[in-house]
Structures are given as structure tokens and as C-alpha cells.
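> return atomic coordinates for the entry below.
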Amino acid sequence: MTVRSPAHGCLTDVPGVRLGHAHRVGRGWRTGCTVVLTLDGATAGCDVRGGGPGTRETDLLRAEATIDKIHAVCLTGGSAYGLAAAGGVMQWLEQRGTGFRVGPEAHQIVPLVPAAVIFDLGRGGQFSNRPDAAFGYRAARGARAKAMPIGAVGAGTGAVAGGLQGGVGTASRTLPDGTVVAALAVVNSAGKVIDPAEGLPWMPAHIGLRRPNAADRAALNSYLESMPAPTVASSSPQPPLSPLPPLNTTIGVVATSARLTKAECNKFAAVAHDGLARAVRPVHSMFDGDTIFGLATGVSELTLPELPGFLADRRRAVALNAVLEAGAECFAMACSSAIVDASSNGGALSYRDLCPSAFNG
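Predicted structure coming up:
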């Protein structure tokens, strides 16, 4: 399996964030999980837009809930079964003494690990092969505060996006005041990330591609038109009565180095869905699990702009809006990156397989 390093920035560009993957391919497996660690705690929010989400601890992130900071986010394959991976992340955090204190003794802690899943059951051939606590533990143990591989890795190992190999993508931006904003997306969508007319992502800016030649565009469209309706792998000789509804789940994280409130983190996550809608078409159906977490590590304060006196009370809103806009842009870029940086691992063909001319020159 070929994996790639991010060329558009990484979620770990945000100080205080670590990233780790665990996955398994072959012998009936094609799945994995991705863990985002914030060991010093991060203020967090969440926005769920899909009609069929698989999540854990998202109510904890509502603005009126008690807890302000979390210690990790677990993104995983395996549908609802994959939520078990978060238990392994909790185990690793507990062993190192990281968590919310619930008693007078140092070991009396509860690590806070919200999670979200994609549907990839049976993609490797065996329906019962899905991430468990051991996957989450390995991903947390291997997490690093540096650029990590992207593409068909971690939670994106078994992803399929618009008929192509899906995966994990990242992107980051540094604002003029030094605030870092970044995103990570796990794209497993029925919606297309590639414009079939141009053969390029809907959001091609900064990806560094050229328009594929006519032969590659024809090959891409021929392949996508030949893709069968989605089904779950089965050992039964009987064909399914009907194809499955399109499964169009994209999950991920936007993060910033700025200090934000919990309510602002929820808005951060909500606006990131605008970036998702730019990059993946369509999104947010009744069969989607589209879920985005917003994290703020708080290593720096928002720089408030100078405004005329009668607008002085809007200075924070203006500064926050710059972070929100950057978050949406980064999430859109991360969605594009997830597809163009993925290599096939034995399932669907990848964009690179079908449009090699896009990477030449």
C-alpha cells in the first residue's frame, strides 16, 4: 500500500495537536482508524449534518454542557461497530495519566474522546473485520506532532469516494496574525469530489494539478459510469433484492491555535461544512453521517482588528470570522487532498490510476 505525505499542510501544523493512524489491509481486511490527540486538552465543538451519523460523546460538546476540553478525537471505519476504537484511545490516555479528574487520586480520571465513523463494512471482503479498541490504542500510541501519511490510511483505508478510492486528506493555513488553522477530512462519499467535465477536483486550488488529457478524462468517466450500485460483501449466493442507498459520509476535524470558546468551536465546526459542500457533491443526505469536530488548542489569543469606535464591540466577531473562513477553505482542500493523494489498496481504482497526466508537468 502506497501512502503519501501531505503537500498542502497538515493538521499537526496546529501547535498542541498530534495525529496517528492504525489500519489493516488484506486477508479480508480493509479498514482502520485515525486519532487526533490534544494531550493538554482542547476546547471542542461538533456539528453533525448527515441524517445517519455514527458518533460518540457529541452531546458533551454542546455549548451548554459542562465539560470544556477534550483529550482526543477518534475517526474510524467500521460503522457503529468501529466506535469501540475510542475505548482503546481512552486506555492509552489513562495509562499516561491524561483525562478529566473525577476523584482526589491522580489515577481517578476519565479521558474524553468523542468519535465519529464511516461505513466501510465488508470492503475488505469480511463483514466482521472492523476496528476495535486495539486499533484505537495503536493509533494513539503512534500519534506524532508532525506531518503524517495521508491517502488510503487510517480511517480512510476502506473509504470510497464517488466511485474512487477515498482516504484521509489534510490542509492548513497561517493567517496574517500568525494564527494557524488546519483541517483533516476522511472522505467516504457517494458524492463526487472530481468534476467529470474537467477531470479535476471541484476545489482544485493549491492542489497543484493540471487538467488531465482527453484520454485520461475519458477513462475516468468510463470507469465511474461502469461502477455498480453500492452493496455489502456477502457470502450468500443470492443477489441483494435492491442496491444499498448511497452512503455519503465525510467526517473530520478543523483545528486552530487560537483560544476559542466552546460556542465558537461549535460555530467553527458548522462553517467547515460549507467547505465540505464545496468539495463533495452532494452531501448531507438522509443516509450520510457527515460530522465535523472543531478544536481550539488556545496557544494564542485572537488578534482583534482596529475598527471605528461604533464597531468596537464587533472586533472579536471579525477576528473569529477570519478563522471560520480559513477553516472552511482548509476542509474543502482536505477533501480534495483525500482523493488525489490516495493510492488504490485493492478496492476501487484511485484518481492517480485513472488520471496520471494530471500529475505531470
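
> okay, now the sheet partners of the longest strand seen in the chain, with direction.
Longest strand of the chain, by residue count under DSSP state E: strand 29-48. With DSSP bridges as the test, strand 29-48 is paired with strand 18-26 (antiparallel), strand 69-76 (antiparallel), strand 291-300 (antiparallel).

> G191 against V280, yeah?
Yes - with contact defined as Cβ atoms under 8 Å, G191 and V280 form a contacting pair (4.4 Å). (C-beta placed from N, C-alpha, C; glycine too.)

> overlap in contacts, those two.
Taking Cβ atoms under 8 Å, 6 or more residues apart in numbering as the contact criterion, the residues that touch both G191 and V280 are 161-162, 248.

> now, of the residues you listed, which are buried?
Buried residues within the shared contacts of G191 and V280, defined by neighbour count using 16 or more other Cβ atoms under 10 Å: 161-162, 248.

> so where is the stretch 151-300 of the chain shaky, pLDDT-wise?
205-206, 228-247 (pLDDT under 70).

> what are the boundaries of the helices in it?
For the stretch 151-300 of the chain, the helices defined by DSSP state H, counting those that start in this stretch occupy 214-226, 262-279.

> now F100: closest residue in space that isn't a chain neighbour?
Computed as Cβ to Cβ, 6 or more residues apart in numbering, the closest residue to F100 that is not its neighbour in sequence is V110, at 5.0 Å.

> contacts only, for that neighbour.
Going by Cβ under 8 Å, 6+ apart, the list of residues near V110 reads 90, 99-100, 102.

> closest one to V181 among the strands paired with strand 29-48?
Closest of these to V181 is strand 291-300, at 10.1 Å (criterion: Cβ to Cβ).

> just the CA trace of the closest one, in PDB.
Output in PDB follows, covering the C-alpha atoms of strand 291-300 (Å, rounded to 0.1, in the frame of the first residue of the first chain):
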ATOM      1  CA  THR A 291     -19.700  15.000  11.200                       C
ATOM      2  CA  ILE A 292     -17.000  17.600  11.800                       C
ATOM      3  CA  PHE A 293     -15.300  18.500  15.100                       C
ATOM      4  CA  GLY A 294     -13.900  21.900  15.800                       C
ATOM      5  CA  LEU A 295     -10.800  22.100  18.100                       C
ATOM      6  CA  ALA A 296      -9.000  25.100  19.600                       C
ATOM      7  CA  THR A 297      -5.700  24.500  21.400                       C
ATOM      8  CA  GLY A 298      -5.600  28.100  22.700                       C
ATOM      9  CA  VAL A 299      -1.800  28.600  22.500                       C
ATOM     10  CA  SER A 300      -2.500  32.200  21.200                       C
END
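
> in it, which residues are buried?
The neighbour-count check on strand 291-300 (16+ other Cβ under 10 Å) flags 291-298 as buried.

> my guess is N129 contacts T31. True?
Yes - applying Cβ under 8 Å as the test, N129 and T31 come out as touching, 6.6 Å apart.

> when those two are compared, which one has more neighbours?
T31 (32 against 22; other Cβ atoms under 10 Å).

> so what touches stretch 271-279?
47, 49, 183, 185, 193, 201-203, 250, 252, 254, 283-284, 290, 292, 294, 324-325, 327-333, 335-336.
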